[in-house]
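*Asks:* 3D model of this:
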Amino acid sequence: MEKRRGKLLVIKHVGSAHTDAELGLLMDRAGEILVGDQGVLDLGIEDPVRQESLLPGPGRQPRLLEPAHTVDAAPVVSRPHTLGAVSDVLWSTLEAAYSNLGFDVVGDEVFKQVVLARLVEPTSKRDTVRVLTELGVPAPHVSTIYRHLARAQEKKYRDTITSKCFAHAVNDGDVSLVMYDVTTLYFEAEHEDGLRKVGYSKERRVDPQIVVGLLVDRTGFPLEIGCFEGSKAETKTLLEVIGRFQARHDIADMVVVADAGMLSAANLKELDAAGLRFIVGSRVVPRQVVGRISLVLNVGVVGSARPRC
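*Replies:* Residues are numbered from 1 along each chain as shown. Sure thing, here's the model as predicted:
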């Protein structure tokens, strides 16, 4: 690298090393690149760098005291070692995506670091400090992370970021068709509170949990997210998230896609009342009675909530 006008310019990337042995090989390669096509004049003098092993050989013991330096003694080159590591390409790519989506509008560097660190390794807020450090990014203190997450709640970052998500989805496509599904997140807590409650768990756990609903466009890009009490039925989250999305962006006509977990007579009736069309998956019972036709809403049927026999 060289410095030009205050900026570091990469002249040649030699490679990446994870051990001192690999680093030694890269140092040799870097030396060859620096010499280039220059001819070497053989003066019968051995290279002192070559004389000093990068790794102690078998049977060699490190010297406690170095011999006094004399005029005739060859200079000893210290063994190279890693001072630090930075995942620059990964971090700069994530930062660019964050900025391109317009999420910088919240103006919170700590919030951005926590979000991007979760993409690299989803872990606790306390352990996020380790993830950032391993990436080579100056990490905030854990108390600073908690303080900024409280600020995100107070200043309603979710609403601001949701607007940016909608703008991105509209610019790259449309929201005439949206898909919705839910999941549950459990907590290793002994007691329930106003949000974390024991409810139906797909993992068959009995820990307090929350229900998270996500609305995405046809490409899977997120548009709206909802957080509900752990005891809330999945079917009762659909209309709330859809209604919030419509009110936020003033949308009246769109097709809602959901799986069998969202299928309920009340949901379909309210979707119909709201003037929305739907594609709903239904569990088909294999048992059939001859002479009777079961009422089924099949995947791929687009229409209102009035079922067809």
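*Asks:* Where does the prediction get shaky in the stretch 201-309 of the chain?
*Replies:* Low-confidence segments of the stretch 201-309 of the chain (pLDDT under 70): 283-309.
*Asks:* which parts of the strand or helix carrying H168 are buried?
*Replies:* For H168, the element it lies in under DSSP states H and E is helix 157-172. Buried residues in helix 157-172, defined by neighbour count with 16 or more other CB atoms under 10 Å: Y157, I161, T162, C165, F166, H168, A169. Just so you know, the C-beta spots here come from the backbone N, C-alpha and C atoms, and that holds for glycine as well.
*Asks:* next SSE after it?
*Replies:* Sequence order places strand 177-186 as the next helix or strand after helix 157-172, per DSSP H and E.
*Asks:* element containing R244?
*Replies:* R244 belongs to helix 238-249, assigned by DSSP H and E.
*Asks:* Quick one: list the elements packing against that helix.
*Replies:* helix 157-172, strand 177-186, strand 209-217, strand 222-229, strand 255-258, helix 265-273 (3 or more CB pairs under 8 Å, 6 or more residues apart in numbering; DSSP states H and E).
*Asks:* Now do the second one and strand 222-229, the angle between them.
*Replies:* Same thing as strand 177-186. 40 degrees (axes from the mean of the first three to the mean of the last three CA atoms, to 10 degrees).
*Asks:* Identify each buried residue in strand 177-186, please.
*Replies:* Within strand 177-186, the residues that qualify as buried are V178, M179, Y180, D181, V182, T184, Y186, counting by 16+ other CB under 10 Å.
*Asks:* For that strand, which outside residues touch it?
*Replies:* 199-203, 205, 207-218, 220, 223, 230, 234, 237-238, 241-242, 245, 254-259, 261-262 (CB atoms under 8 Å, 6 or more residues apart in numbering).
*Asks:* separation between the residue most central in space within the chain and L185?
*Replies:* The geometric centre of the chain, computed from its C-alpha atoms, lies nearest to L119 (CA atoms, centre = their mean), at 1.7 Å. Distance of L119 to L185, given as CB to CB, to the nearest Å: 17 Å.
*Asks:* Next, work out how far apart K155 and S163 are.
*Replies:* For K155, the distance to S163 - CB to CB - is 14 Å.
*Asks:* typo on my end, it should be Q209
*Replies:* Counting by CB to CB, the gap from Q209 to S163 is 29 Å.
*Asks:* and T144, how many neighbours?
*Replies:* Taking other CB atoms under 10 Å as the criterion, the count of residues near T144 is 13.
*Asks:* Setting aside sequence neighbours, what's the nearest residue to it?
*Replies:* Among residues not flanking T144 along the chain, V110 sits closest, at 5.9 Å (CB to CB, 6 or more residues apart in numbering).
*Asks:* Please report how far the one you found lies from D181.
*Replies:* Going from V110 to D181 by CB to CB gives 30 Å.
*Asks:* for S143, same thing?
*Replies:* Separation of S143 from D181 (CB to CB): 35 Å.
*Asks:* need the contact list for Y200.
*Replies:* Residues near Y200 by CB under 8 Å, 6+ apart: T184, A233, E234.
*Asks:* Can you give me the neighbour number for the second one?
*Replies:* Residue neighbour count, defined by other CB under 10 Å, stands at 13 for A233.
*Asks:* For it, grab phi and psi.
*Replies:* When read as degrees, to the nearest 10, the backbone of A233 gives phi -70, psi 140.
*Asks:* quick one: contacts for it?
*Replies:* So A233 contacts Y200 (CB under 8 Å, 6+ apart).
*Asks:* coming back round to it: the residue nearest to the centre of the chain: what secondary structure?
*Replies:* Here L119 is recorded as helix under DSSP: H, G, I helix; E, B strand; the rest coil.
*Asks:* Pretty sure it sits against L94.
*Replies:* Yes - in this structure, L119 is within contact of L94 by CB atoms under 8 Å, at 6.2 Å.
*Asks:* Can you list the low-confidence ranges for the stretch 1-150 of the chain?
*Replies:* Filtered on pLDDT under 70, the stretch 1-150 of the chain yields the residue ranges 37-85.
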